[in-house]
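Student: when you get a sec, could you give me coordinates for this:
(chains A and B)
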Amino acid sequence: MTETEHIARWVVPGARVLDLGCGDGTLLRHLWQTRQAPGYGVEIDDAQVLECIRNDVNVLQMDLEDGLSAFQDGSFDYVVLSETLQTIHHQEALLREMLRVGREAIVSFPNFGFWRARLQIAVGGHMPVSKELPYQWYDTPNVHHCTLVDFEDLCAKLEIRVLERLVLREGKPVSLLPNLLGSLAVYRVSA
Amino acid sequence: MIVEARKAKFSEPLKLKGGATLPEFEIAYETYGELNAARSNAVLVCHALNASHHVAGTYADKPDDVGWWDNMVGPGKPLDTNRFFVVGSNYIGSCFGSTGPTSPNPATGKAWGADFPVVTVEDWVAAQARLADRLGIERFAAVMGGSIGAMQALQWSLSFPQRVRHAIVIAATPQLSAQNIAFNEVARQAIMTDPDFHGGHYYEKGVVPRRGLRIARMIGHITYLSDDAMMEKFGRLLRGKSAPGYDFNVDFEIESYLRYQGDKFADYFDANTYLRITKALDYYDPAADFGGDLAAAMARAQANFLVVSFTSDWRFASSRSRAIVKALLDNRRVLSYLEIDAPQGHDAFLMDDARYIGALRAYFGNIEL
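Tutor: Reported below is the predicted structural model:
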């Protein structure tokens, strides 16, 4: 099962969704087709925005670093940040904004605590490069990596409640030692 | 594509927002493609300040007279006339064929001149709706425009919410800023203080306030281009000389360019029309009746929206388009917004930027007929 399908299972039919860093709009299209959930995507990359238009997805070309002032308080049921958290400079501000405009937030990120990443640093002495983290340290858009524990610490600091957590490896849920054996983390959180 | 300009005459009086009534009027227009049997494929293209109903194609007898948005509209173009029935319509008050200051006043038989009333964006749209009725178009698949044309597209979604499925609003603003009005006022003053203006009654004197029109156009042109685009195109290049003249003749290429643009404009544009169009712009403010609350004003709109702005546009900056986007989001409209990092400034809406052209092609491709 893809991350998109996992996230879709959490979304109540008919819910209103804001997808931050929506890429080509795959998730929004999937949510509309399977959950009749309307929404908007926010994306900054020209090529991805064009794909969204092609995919007939509502897309807003905006910079997440500028905040979410275009959106009213509580105007969405879910605000999704899928594999984008690690590219943001001001995580705290964005997480607060997400829970201002949305009832709940769904956040996913590559787990930097995944054993392969640890091994590449510990044994190879190199920054990890993998399917989830396909960049070299000098060309990566990722500026703030974290592990499951780091993210949960931040949630605690910001008084964000973790409602549900799903840790995946190759699309399959991981329950044993998730911070070591999971490569991708998906959280559903609320204020 | 060979096209033909037409005129439609309307004898029913048109009550204008400013209080005056036009007893009758004509609209110059062109159409491209075929209206389908379901009448579901019509797209209205609204033009900006100095353009006209001649949106695309050429005339049989004037092969060089190419429409102003020929890169956007035509067979196989983003707005594909093989699929859509496209209507280009000249707004009233214009000097390009629709009833305006140069047209005869039925009360006197002479040209309206200074007596032609001030028209508004709302009046333009009301007049266009009569044309749509005449053409048998109950509901447009899309109404589209850039700059002043975008104001018309926006206003269509408010004046006739049921008649617009998609509003495509490019390089727009929901109201002019004080700076925008200031530039317009300088342009108007240039025209009105020209000794050849004669209070707008210059037709009967056989003169044209050319000096005023030239300056108005030169000012306008500066606001259509970005600083970067102007620097890129002209820099500090000298015109036909290797050293400055230390006099008041043309030194720089940009001076020569502005003078050329001013002269060209004064040859074909009517001063009374220029005054009225800039006023129509100044007055446009759909939020005014809602205590300045644009979201409340936009609550009437039913259309799906595509809003496009250009980051180098300082005349109608991207922040102005984002205000429209915010108002539409507050109303939960179906909406996409593109903020294109194009260097040309306001005029970018007429250019061939692959991202912009590609997005419009994709958007039109998804409009169901």
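Student: in the stretch 1-150 of chain B, what residue is nearest chain A?
Tutor: Among the residues of the stretch 1-150 of chain B, B:Pro78 lies closest to chain A, at 11.4 Å counting by CB to the nearest CB. Every residue, glycine included, has its C-beta placed from N, CA and C.
Student: that residue is in contact with B:Phe364, isn't it?
Tutor: Yes: in terms of CB atoms under 8 Å, B:Pro78 counts as a neighbour of B:Phe364; the distance is 5.9 Å.
Student: who are the contact partners of the closest residue to A:Leu133 other than its chain neighbours?
Tutor: For A:Leu133, the nearest residue in space outside its immediate sequence neighbours is A:Pro110; the separation is 5.5 Å by CB to CB, 6 or more residues apart in numbering or on different chains. Under the criterion of CB atoms under 8 Å, 6 or more residues apart in numbering or on different chains, the contact partners of A:Pro110 comprise A:83, A:86, A:132-133, A:145, A:183-185.
Student: go with 10 Å
Tutor: For A:Pro110, the contact set (CB atoms under 10 Å, 6 or more residues apart in numbering or on different chains) comprises A:83, A:85-86, A:117, A:128, A:130-134, A:142, A:145-147, A:182-185.
Student: which residue of B:Pro78 and B:Phe364 possesses the greater neighbour count?
Tutor: B:Phe364 (22 against 19; other CB atoms under 10 Å in any protein chain shown).
Student: so what's the residue of the stretch 151-300 of chain B found nearest chain A up against?
Tutor: Evaluated by CB to the nearest CB, the stretch 151-300 of chain B has B:Ala295 as its residue closest to chain A, separated by 9.2 Å. If you count contacts by CB under 10 Å, 6+ apart, B:Ala295 has them with A:72, B:287, B:323, B:326-331.
Student: let's go with 6 Å and repeat that
Tutor: B:327, B:330 (CB atoms under 6 Å, 6 or more residues apart in numbering or on different chains).
Student: what score does it have for pLDDT?
Tutor: Reported pLDDT at B:Ala295 in the predicted model: 98.
Student: tell me the SS of it?
Tutor: When the structure is reduced to helix, strand and coil (DSSP: H, G, I helix; E, B strand; the rest coil), B:Ala295 reads as helix.
Student: give me the distance between the residue nearest to A:Leu133 and chain B.
Tutor: Shown here: A:Pro110 relative to chain B, a distance of 28 Å by CB to the nearest CB, to the nearest Å.
Student: what is the neighbour count of the residue lying closest to A:Trp137 once chain neighbours are set aside?
Tutor: Excluding the flanking residues, the one nearest A:Trp137 by CB to CB, 6+ apart is A:Met127, at 4.3 Å. Around A:Met127 there are 15 other residues, counting by other CB under 10 Å.
Student: is it fair to say A:Met127 lies in a strand?
Tutor: No: with three-state DSSP as the criterion, A:Met127 is coil rather than part of a strand.
Student: next one: phi and psi at it?
Tutor: With angles defined as degrees, to the nearest 10, A:Met127 shows backbone torsions of phi -60, psi 140.
Student: touching, it and A:Tyr138? I think so.
Tutor: No: counting by CB atoms under 6 Å, A:Met127 sits too far from A:Tyr138 to count as a contact (9.3 Å).
Student: what are the ranges of the helices in the chain?
Tutor: With no chain named, the answer covers chain A. For chain A, the helices defined by DSSP state H cover A:3-10, A:26-35, A:46-54, A:91-101, A:115-119, A:148-157, A:178-181.
Student: could you do chain B instead?
Tutor: Using DSSP H, the helices found in chain B span residues B:121-134, B:148-159, B:178-192, B:210-224, B:227-234, B:253-268, B:271-283, B:294-298, B:318-330, B:354-365.
Student: what residues does the stretch 201-350 of chain B have near chain A?
Tutor: Of all the residues in the stretch 201-350 of chain B, those in contact range of chain A (CB under 6 Å from any CB of the partner chain) are B:326, B:329, B:335-339.
Student: in strands only, show me those residues.
Tutor: Residues from those lying in strands, with DSSP state E as the criterion: B:335-339.
Student: kindly state the beta-bridge partners for the spatially most central residue of chain A.
Tutor: Computing the C-alpha centroid of chain A and ranking residues by CA atoms, centre = their mean puts A:Ser82 first, at 2.1 Å. When bridges are assigned using DSSP bridges, the partners listed for A:Ser82 are A:Ser108.
Student: in chain A, which helix or strand is least confident?
Tutor: Of all regular secondary-structure elements in chain A, judged by mean pLDDT, DSSP states H and E, the least confident is helix A:115-119 with a mean of 88.
Student: what is the burial count for B:Asp347?
Tutor: Using other CB under 10 Å, B:Asp347 is surrounded by 22 other residues.
Student: quick check: it touching B:Ile222?
Tutor: No: proximity of B:Asp347 to B:Ile222 does not meet the contact threshold set by CB under 6 Å, at 11.4 Å.
Student: what about B:Phe116, distance to B:Ala288?
Tutor: The spacing between B:Phe116 and B:Ala288, counted by CB to CB, to the nearest Å, is 24 Å.
Student: the two: who's more crowded?
Tutor: Here B:Phe116 and B:Ala288 are compared on neighbour count by other CB under 10 Å; more neighbours surround B:Phe116, at 23 against 13.
Student: how about the contacts made by the nearest residue to the more buried one once chain neighbours are set aside?
Tutor: Counting by CB to CB, 6+ apart, B:Pro101 is the residue found nearest to B:Phe116 once chain neighbours are left out, at 4.0 Å. Counting by CB under 6 Å, 6+ apart, B:Pro101 makes contact with B:112-113, B:116, B:272-273.
Student: which of these lies closest to B:Gly358?
Tutor: Using CB to CB, B:Thr273 is the member of these that sits closest to B:Gly358, with 34.8 Å.
Student: check what pLDDT the closest one gets.
Tutor: As predicted, B:Thr273 sits at a pLDDT of 98.
Student: stretch A:54-69 and chain B in contact?
Tutor: Yes: contact of stretch A:54-69 with chain B (CB under 6 Å from any CB) involves A:54, A:56, A:58-61.
Student: what's the pLDDT at the residue sitting furthest away from the middle of chain A?
Tutor: No residue in chain A has its C-alpha farther from the mean C-alpha position than A:Val123, which lies at 29.1 Å (CA atoms, centre = their mean). pLDDT, the model's per-residue confidence, is 89 for A:Val123.
Student: sounds good, over and out.
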